[in-house]
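**Student:** fold the following for me, if possible:
(one chain, ligands or ions: 1)
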Amino acid sequence: MNEIFPSLVALATFVSVARAQPAVDLLIDHGFPSTGTLNLNTVLAAVTAKKGTFHFGSTYDTFNADQSWFDSVFSTFYRHVVAENGCKWDAPEPSQGVKSLTECLGAQSFATHLGFRVVVGTIIPQHVQAEIQGMGASVTSRDVVNEVVGDGVSAGMTSLQCVQNKCDWPLVTSDGSGVPLVTDLSFIFAAFKTAFQFAGANTRLAVNEYNTGGAEAKTACIINLIKRIQANTTIPFNRLVSSLAIPLGVSAMITEMDIEVNADTTPNLRYQAAIWGDYLDVCLYASNCFEFINWDPRDDLSWRGSAAAATLFDTNGNPKPAAYEVAARLQNFANGGAEPCATATGTGVCTITITGTMTVGRTAVGTTKTTTTTTSSAPTQPTGPTNCASAEWGQCGGIGWAGCLGCPSGTTCQVLND
Ligand SMILES: *[C@@H]1O[C@H](CO)[C@@H](O)[C@H](O)[C@H]1NC(C)=O
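**Tutor:** Presented below is the predicted three-dimensional model:
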């Protein structure tokens, strides 16, 4: 399959919390290596051969310590570089009109030095052209618009309402006139138009968003926003999928994969490995998913903090069970194996069904993963008190949850991905 021309890509960001630990059945329990040195080069070449294209990588920033570990892990495990912060607005343009691509190009030169390509993080309209031209054509994916839809959206909202719901930016001007700052979507259209004009012919242009897996209203916002962008800019939808009717024809990418655990215990790390493997398989077995990016390469560099143990490698840079399970899933896929489902172990099977809907559970946008399970008892409902508040961004519900069910004042609780 060809790498495609500029096209729109819907990005699904998955950040999950590993909660209680049901028994899991990992491939590393069945003959796949669970110790020793990991080298994915051969298996990733085999996966790429099967899928046409496939990028498996992680984020990189130029100020990382321990460069030799980075050289090693990006030569043997993560084989695609994502500029974590170096290409975001404040690095390339620290004040208006002042261009400084040093950090952005640092990530690129690291990738080039290893002989591969780079994905760029957030870009905002006014400096799109300078950054794109400064980096050249080797960028495979460009996150043109990053996290612009609010978490409090509801069904039926217009694209503008979805964007205005994003409360990270002020909704009214600071002069007190009460005029909403975001009155139309022109800044998004401008970013895409400029990116399309100047990006390399192989660069995918992306709308990046998180929580699109469990929140249907938010997923609908993204779909509608992509339609609006396409209508305004006439950028072609991705034609990656040949025989399947994926709505819009956009491809999917998993862009910011990390899984937080509440304690660094063996059952938690095994459950983390199970979820990681099952997510990776969603992308591997889906015909429109070609990129799986892990957010931060090791636990001590994770934006979630070391204690969250949210990455594939521990604070010493040693592979965790999830790293071995990821290697095993890649090998199993390359071998033509059926899709395993570690998180439904003992109770059923997983199958991938491309239904053409954009309804997503824990799946890549554009695909639906159907999990068939037979359970012997009903899932345990949350039992915690409703009159106490969970931490902001903390867990506030879900199967078996015995902690607080209330949310801190000024926030809204959402239960995702039981
Ligand atoms: C695209 O959006 C801009 C800004 O909202 C608007 O001025 C322009 O007319 C739109 N173009 C098309 C083709 O819809």
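
**Student:** okay, the longest helix seen in the chain in CSV with CA atoms only?
**Tutor:** Longest helix in the chain by number of residues, with DSSP state H as the criterion: helix 266-285. Extracted in CSV, the C-alpha atoms of helix 266-285 (Å, rounded to 0.1, in the frame of the first residue of the first chain):
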residue,chain,number,x,y,z
THR,A,266,3.2,-7.5,39.3
PRO,A,267,-0.6,-7.9,38.8
ASN,A,268,-0.9,-4.3,37.8
LEU,A,269,2.1,-4.6,35.4
ARG,A,270,0.6,-7.7,33.9
TYR,A,271,-2.8,-6.0,33.4
GLN,A,272,-1.0,-3.0,31.9
ALA,A,273,0.7,-5.4,29.5
ALA,A,274,-2.7,-7.0,28.6
ILE,A,275,-4.3,-3.6,27.9
TRP,A,276,-1.3,-2.4,25.9
GLY,A,277,-1.2,-5.6,23.8
ASP,A,278,-5.0,-5.4,23.1
TYR,A,279,-4.7,-1.8,22.0
LEU,A,280,-1.8,-2.5,19.8
ASP,A,281,-3.8,-5.3,18.2
VAL,A,282,-6.7,-3.0,17.5
CYS,A,283,-4.3,-1.0,15.3
LEU,A,284,-2.4,-4.0,13.9
TYR,A,285,-5.6,-5.8,12.8
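
**Student:** would you mark the buried spots in that helix?
**Tutor:** Neighbour-count burial for helix 266-285, counted by 16 or more other C-beta atoms under 10 Å, picks out 268-285. For glycine as for every other residue, the C-beta is placed from the backbone atoms N, C-alpha and C.

**Student:** name the next helix or strand downstream of that helix, please.
**Tutor:** Next along the chain after helix 266-285, taking DSSP states H and E as the criterion, comes strand 289-294.

**Student:** sec struct for Ser141, please.
**Tutor:** What DSSP: H, G, I helix; E, B strand; the rest coil gives for Ser141 is strand.

**Student:** do I have it right that it meets Asn208?
**Tutor:** No - applying C-beta atoms under 8 Å, one finds Ser141 not in contact with Asn208, separated by 9.5 Å.

**Student:** between those two, which one's more packed in?
**Tutor:** Neighbours around Ser141 and Asn208, counted as other C-beta atoms under 10 Å, are more numerous at Ser141. The numbers are 27 against 24.

**Student:** quick check, pLDDT for the more buried one.
**Tutor:** The model reports Ser141 with a pLDDT of 70.

**Student:** and it, bridged to which residues?
**Tutor:** For Ser141, the beta-bridge partners are Val119, Arg204 (DSSP bridges).

**Student:** check Cys289 too.
**Tutor:** Ala252.

**Student:** distance check, it against Arg298.
**Tutor:** Distance, Cys289 to Arg298, by C-beta to C-beta, to the nearest Å: 24 Å.

**Student:** just Ile259 next, same as before
**Tutor:** Ile259 is 14 Å from Arg298, by C-beta to C-beta.

**Student:** helices and strands around the longest helix of the chain, which ones?
**Tutor:** Judged by 3 or more C-beta pairs under 8 Å, 6 or more residues apart in numbering; DSSP states H and E, helix 266-285 is in contact with strand 15-18, strand 251-261, strand 289-294, helix 321-334, strand 348-353.

**Student:** what sits against Arg79?
**Tutor:** If you count contacts by C-beta atoms under 8 Å, 6 or more residues apart in numbering, Arg79 has them with Leu40, Asn41, Leu44, His55, Phe56, Gly57, Phe116.
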